[in-house]
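[1] A structural model of the following input is requested.
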Amino acid sequence: VTNNHVVSGGTDITVALADGSQLPATLEATDPLSDLAILRIDRDGLPAMELADRYPEIGQLAVAVGNPLGFENTVTAGIISGLGRSIPASAAQGGQSLVDLIQTDAAISPGNSGGALIGSDGRLVGINVAYIPPAAGAVSLGFAIPSPTVSDVVDELLVDGTAEHAYMGVQMATVTAQAADQLGLSVDSGAAVLFTEAGSSAEEAGLREGDVITAIDGAVVRDLPSLLTRLRRYDPGDTARLAVARTDGDVVVSIRFAARPTS
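    Residues are numbered from 1 along each chain as shown. Below is the predicted model of the structure:
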């Protein structure tokens, strides 16, 4: 398992093993939305790392393994600095905004992508995916895809060759205090509905332009990234209750998620 942005566009892929052998690999399946990909090699008996079945705790040990700048099998250590982080497309190497990430201060550099982030019990807690460079004023800001996401996406890719993600069919933006004042909204945080697609889950649920989603199944929605992070916990066909603020009063609507279109 590696990052989609590591192998995307590749024609000849080679996997180097710890014993020094190098084997040709085939790209089995990819999921650009989560930036994950599966490679297959013809080799039996390789040890497999156990995946943690839950999110790590903030403050626990985090060990990153990779090949930063070509330095093979580099190990760096730090802690889990945060959970539920989001980074925009401009900061993600795959050009796709990423949500629900683990933040760590274990040093991550170019070449760490697709490598393991390991917890204190030796299990995989995440797949390293991005970092904010010092040129942006950051110090030790690295990110990893959490193991529960890795497990879910990989299972789907192995069975179906594709991974499905919950989809509302709506364009949204983060509500700011300034925007709330200008538009006369009753709340100054949340995710505002800008447009709903015809026939979408959002339209069927009764969401309309100007609505502000403030919670999903009781979990507070502070902004658009926090809503997208929560959506990662749902599958197509699942239902959820959305707390919605409107200029004419607050309502709760039920929505059944569709599958995100592939194009």
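
[2] Which strand or helix spans L101?
    strand 98-104 (DSSP states H and E).

[3] Okay, and the beta partners of L51?
    Beta-bridge partners for L51, by DSSP bridges, are L124.

[4] From S186, how far off is it?
    Distance of L51 to S186, given as Cβ to Cβ, to the nearest Å: 43 Å. To be clear about C-beta, it is placed using only N, CA and C from the backbone, and glycine gets the same treatment.

[5] Comparing the two, which residue is more hemmed in?
    Neighbour tally, L51 and S186, criterion other Cβ atoms under 10 Å: the higher count belongs to L51, 17 against 13.

[6] In a helix, A135, correct?
    Yes: assignment of A135 by DSSP: H, G, I helix; E, B strand; the rest coil places it within a helix.

[7] count of neighbours near it?
    Neighbours of A135 under the rule other Cβ under 10 Å: 6.

[8] what do you get for V6?
    When neighbours are counted by other Cβ under 10 Å, V6 comes out with 18.

[9] Off-centre distance for the strand or helix carrying it?
    Counting by DSSP H and E, the element that carries V6 is helix 4-7. Taking Cα atoms, centre = their mean, to the nearest Å, the mean C-alpha location of helix 4-7 is offset from the chain mean by 15 Å.

[10] re the thing from before, output the contacting helices and strands for the helix or strand following the strand holding L101.
    Sequence order places strand 116-118 as the next helix or strand after strand 98-104, per DSSP H and E. Contact here means 3 or more Cβ pairs under 8 Å, 6 or more residues apart in numbering; DSSP states H and E; on that basis strand 116-118 packs against strand 61-66, strand 124-132.

[11] Tell me which of those is the most buried.
    Mean neighbours per residue, mean count of other Cβ atoms under 10 Å, is largest over the helices and strands packed on strand 116-118 for strand 124-132, with a mean of 25.

[12] That one - contacts with which helices or strands?
    Helices and strands touching strand 124-132, by 3+ Cβ pairs under 8 Å, 6+ apart, are strand 61-66, strand 74-87, strand 98-104, strand 116-118, strand 141-146, helix 147-160.

[13] Tell me the strands beside the third one, with direction?
    Take DSSP bridges as the rule and strand 98-104 pairs in its sheet with strand 74-87 (antiparallel), strand 141-146 (antiparallel).

[14] for the shortest one, same thing?
    Using DSSP bridges, strand 116-118 pairs in its sheet with strand 61-66 (antiparallel), strand 124-132 (antiparallel).

[15] JSON lines please, covering those strands and showing distance to G45.
    Formatted as JSON lines, those follow (distance: least, Cβ to Cβ, whole Å):
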{"stretch": "strand 61-66", "distance to G45": "21"}
{"stretch": "strand 124-132", "distance to G45": "20"}
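
[16] how is this structure carved up into domains?
    The record's domain parsing of the chain by automatic domain parsing lists 4-40, 61-159, 166-259.

[17] Name the residue closest to the centre of this protein, please.
    The centroid of the chain falls nearest to V99 when counting by Cα atoms, centre = their mean (3.8 Å).

[18] Could you list the low-pLDDT ranges of this structure?
    Flagging of the chain using pLDDT under 70 yields the residue ranges 90-95, 263.

[19] correct me, but S109 touches A64?
    No: using Cβ atoms under 8 Å, S109 makes no contact with A64, being 9.4 Å away.

[20] Nearest to A202 among the strands paired with strand 98-104 would be which one?
    Closest approach to A202 among the strands paired with strand 98-104 (Cβ to Cβ): strand 74-87, 20.5 Å.
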